[in-house]
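**Student:** got a structure for you, letters missing:
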């Protein structure tokens, strides 16, 4: 059984489907609180990823105290997220959306993604690292390739992932 300290992190490079999946979770999974990482990052500028994830885990701890399972949708690597979670006494279940590098480049250019189009190589490096990650317990880590699944299948997979966390939290 998962302890009530579990936080969901939906990660991936720009263009992999995080925002679309986050909206699907927010609209279809009762018992979650989906938060766009861009919203949290706009709270303070400038900062580094360690600061960002420490702040984000404090927000998640507050959300957990109020009942729902927090779902953070944003770019993050386990090496950034897990130390902040552990410092806050939280466990992470991370679902990393990955995609073919050429498809990421195309999506970044086609959709703009703020300043991401200026530095697509940074996002490709995030995608490559997420594909190589091994995460020890008590955290969980899974990847899902959005390059071979359409947006509807991606939404269904992420909904099932978030719903499973809500069920674990409410299990006796």
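**Tutor:** In hand now; what should we look at? It should be emphasised that the depicted structure is a prediction, and the values quoted were computed from it without experimental measurement. Numbers count the residues shown, from 1 in each chain.
**Student:** Residue 35: what secondary structure?
**Tutor:** strand (DSSP: H, G, I helix; E, B strand; the rest coil).
**Student:** Enumerate every residue touching it.
**Tutor:** Neighbouring residues of residue 35 by Cβ atoms under 8 Å, 6 or more residues apart in numbering: 59, 63, 70, 71, 72, 73. Heads up, the C-betas are built off the backbone N, CA and C, glycines and all.
**Student:** Residue 13 too?
**Tutor:** 75, 98, 99, 104, 123, 124, 126, 127, 130.
**Student:** Please report the distance of the residue lying closest to it once chain neighbours are set aside from residue 96.
**Tutor:** Excluding the flanking residues, the one nearest residue 13 by Cβ to Cβ, 6 or more residues apart in numbering is residue 123, at 3.8 Å. Residue 123 sits 13 Å away from residue 96 when distances are taken as Cβ to Cβ, to the nearest Å.
**Student:** Check residue 161 too.
**Tutor:** With distances taken as Cβ to Cβ, residue 161 is found 11 Å from residue 96.
**Student:** likewise residue 144?
**Tutor:** Using Cβ to Cβ, residue 144 is found at 7 Å from residue 96.
**Student:** more crowded one of those two?
**Tutor:** Ranked by neighbour count (other Cβ atoms under 10 Å), residue 144 and residue 96 place residue 96 first, with 26 against 21.
**Student:** which stretch of helix or strand covers the spatially closest residue to that one that is not a sequence neighbour?
**Tutor:** Leaving aside its sequence neighbours, residue 96 sits nearest to residue 130 (Cβ to Cβ, 6+ apart; 4.1 Å). Using DSSP states H and E, residue 130 falls within helix 120-132.
**Student:** Now tell me what touches that helix from outside.
**Tutor:** 11-16, 75, 77, 96, 98-99, 101, 104-105, 108-109, 116, 143.
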